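> make a model of this:
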Amino acid sequence: MAIARKIAYNVVLNSFFKVFSTVALSLLSIRLITGYLGPDGFGKYATILAFFGFFSAIADLGLGPVTAREISREGAEEKKILGNIVALRLLSSLALILIAPLALLVFRYPEDQEWGILIAAAAVLFSTLSLVLNGIFQKYLAMDKVAMIEFCGKFLQVALVVFIVREDLGFLPIAATLLVSLSFNAILVFWWSRRYVKFSLALDFSYWKEFLKESLPMGATAIITFAYFKLDTILLSLMQSNTDVGIYNVAYKIMENLIFFPAMLAGLILPLLSRSIYTDRKRFNEIADKTFKVFFLIVAPLIVGTWFLAPDIVQIVSGEGFQASVPVLRILIFALGCIFFGHYFNMLLIVSNAQRKLMVALFFAAVFNISLNLFLIPTYSFIGAAFTSVATELLVITLTGFLVFQHVKYRPSFEHIGRILFASGAMGVSLFFLEPYSFFLAGISGVTIYIGSLWITQAISYEELRMIFSSKETAPAAVENPIS
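Here you go, the predicted structure:
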């Protein structure tokens, strides 16, 4: 199978499973949990998830993206790389589980919430294993397998939530579903990865040292990224009530469940860019340009649609008691748009080995985020946190975009962006008139008008879309015949 068809197949399958697992099932889970726990209880649950992100960032060490990059290189020693990196990742996760209780000495929470935070620390062990093994599936263009596993894991979690709500088992069992679903995912990802590469754990400390020189900047980046991406929830939990945390996180979870798409596209495109950046600069520029245009095609209608449909979206996702989340969602959707392009520029910096420069940029963003949150949250609560998120993401794309121009010597093409904005404006007009009548009618009509406007203005062609997922190369034998 040609690389072009394999990537296209992965995009379609990933999108399908992600829509149903990361979006549909995740939002169903939020609906069940918010209805069961209410704003205060959901705020406690959201705080636990924030600590899960905090622990994951500490244990990350930058191993995931650098592993994916290294095993994608021509002639890479897959077994050596994976054996050492999986062992290192497991060791870092186990160390984190042992030191996690220290966090509870700093952040004092109710007893059930503290137990939930410890459960989140245990879940990191399985989450980190899955993430580092994803590099195998990226190399062999088999991310559809990961998407299927995540779908099954999310389905299991939702089924457990339904059972817990029906039996009224309380808060802690809800928190434990995170551990169950992630351990399920990790076991299946490990089992399936053996079809491609059979490796054994290795303790080559000299190799660890050399690899960490490359990965630690990305690990620091993960911590810094957490600081400006999820620390707002922890700061809210410390400076405001759990109800405020719950209101903020209903809107934030809606946005968060859409972040998979730019990350998925970046993950699929990264191997192609990694191959061509030093060998075929023209090819690299073409793929990067078309990817930028596709991101813009997605972001523009997403912002317009969410702005007009926010009240119905919040009602569907959370039910009664969360209408204060509507203005938060309308603010955060602009942060999501920036996150798309943040992923885009981060991807370009990673394939050009500019992790250290990326780390410095994100460090400044983290300091800015924390400072602004500390200033705004005490007075403006979740609204202040939302505005801080937008301002931070704008700063990120400004800094990373400048680094791409300076270090990669690349500047994205804005060809036909005006036509995309015109199509988004036409969509907005239709939503303005139809939104009061029917959520589904407005949504379907808006999307139809947007697509129709793109076609009329010829904003993008089939050949341009195909360019992103095409290659003059043929698939190497290893892709067609995975190691068994």
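> tell me the contacts of Ser453?
If a contact means Cβ atoms under 8 Å, 6 or more residues apart in numbering, then Ser453 has 422-423, 426-427, 459 as its contacts. Every C-beta, even on glycine, is put in place using the N, C-alpha and C of the backbone.
> pull the most distant pair out of those residues.
Distance extremes for these: the farthest pair is Met427 and Ala459 at 12.6 Å, using Cβ to Cβ.
> between those two, which one's more packed in?
Neighbours were counted for Met427 and for Ala459 using other Cβ atoms under 10 Å; Met427 has more, 25 against 21.
> thought that one was touching Ile444?
No. Look at Met427 against Ile444 with Cβ atoms under 8 Å: they stay out of range, at 11.4 Å.
> neighbours around Leu231, how many?
Around Leu231 there are 19 residues (other Cβ under 10 Å).
> what strand or helix carries Met427?
Using DSSP states H and E, Met427 maps to helix 417-434.
> right, and the helix or strand after that helix?
helix 439-457.
> tell me which of the contacts of Ser453 is nearest to Asn242?
Met427 (37.0 Å).
> show me what contacts the closest one?
301, 304-305, 446-447, 449-450, 453.
> let's see the helix holding Met427 as PDB, backbone CA atoms only.
Taking Å, rounded to 0.1, in the frame of the first residue of the first chain, the C-alpha atoms of helix 417-434 are listed here in PDB:
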ATOM      1  CA  ILE A 417      -7.200  32.600   3.400                       C
ATOM      2  CA  GLY A 418      -9.500  35.500   2.600                       C
ATOM      3  CA  ARG A 419     -11.900  33.100   0.800                       C
ATOM      4  CA  ILE A 420     -12.000  30.900   3.800                       C
ATOM      5  CA  LEU A 421     -12.900  33.900   6.000                       C
ATOM      6  CA  PHE A 422     -15.600  34.800   3.600                       C
ATOM      7  CA  ALA A 423     -17.100  31.300   3.800                       C
ATOM      8  CA  SER A 424     -17.000  31.500   7.600                       C
ATOM      9  CA  GLY A 425     -18.700  34.900   7.500                       C
ATOM     10  CA  ALA A 426     -21.500  33.400   5.400                       C
ATOM     11  CA  MET A 427     -21.800  30.600   7.900                       C
ATOM     12  CA  GLY A 428     -22.000  33.200  10.800                       C
ATOM     13  CA  VAL A 429     -24.900  35.100   9.100                       C
ATOM     14  CA  SER A 430     -26.900  31.900   8.700                       C
ATOM     15  CA  LEU A 431     -26.300  31.000  12.400                       C
ATOM     16  CA  PHE A 432     -27.300  34.500  13.500                       C
ATOM     17  CA  PHE A 433     -30.800  34.100  12.000                       C
ATOM     18  CA  LEU A 434     -31.300  30.300  12.600                       C
END
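> report the angle between it and helix 439-457.
Taking axes from the mean of the first three to the mean of the last three Cα atoms, to 10 degrees, helix 417-434 and helix 439-457 form an angle of 150 degrees between their directions.
> buried residues in helix 417-434?
Neighbour-count burial for helix 417-434 flags 417, 419-420, 422-424, 426-428, 430-431, 434 (criterion: 16 or more other Cβ atoms under 10 Å).
> not counting its neighbours along the chain, what's nearest Ser183?
Nearest non-adjacent residue to Ser183, counting by Cβ to Cβ, 6 or more residues apart in numbering: Phe126, 4.4 Å away.
> same check on Leu372?
Thr388 (4.5 Å).
> gap between the one helix or strand Ser29 maps to and the chain center?
Using DSSP H and E, Ser29 falls within helix 26-60. Helix 26-60 sits 15 Å away from the centroid of its parent chain (Cα atoms, centre = their mean, to the nearest Å).
> give me the helices and strands touching it, please.
helix 78-99, helix 111-139, helix 143-167, helix 171-193, helix 205-229, helix 231-239, helix 242-256, helix 281-318 (3 or more Cβ pairs under 8 Å, 6 or more residues apart in numbering; DSSP states H and E).
> what's the most buried one of those?
Greatest average neighbour count among the helices and strands packed on helix 26-60 goes to helix 242-256 (a mean of 26), per mean count of other Cβ atoms under 10 Å.
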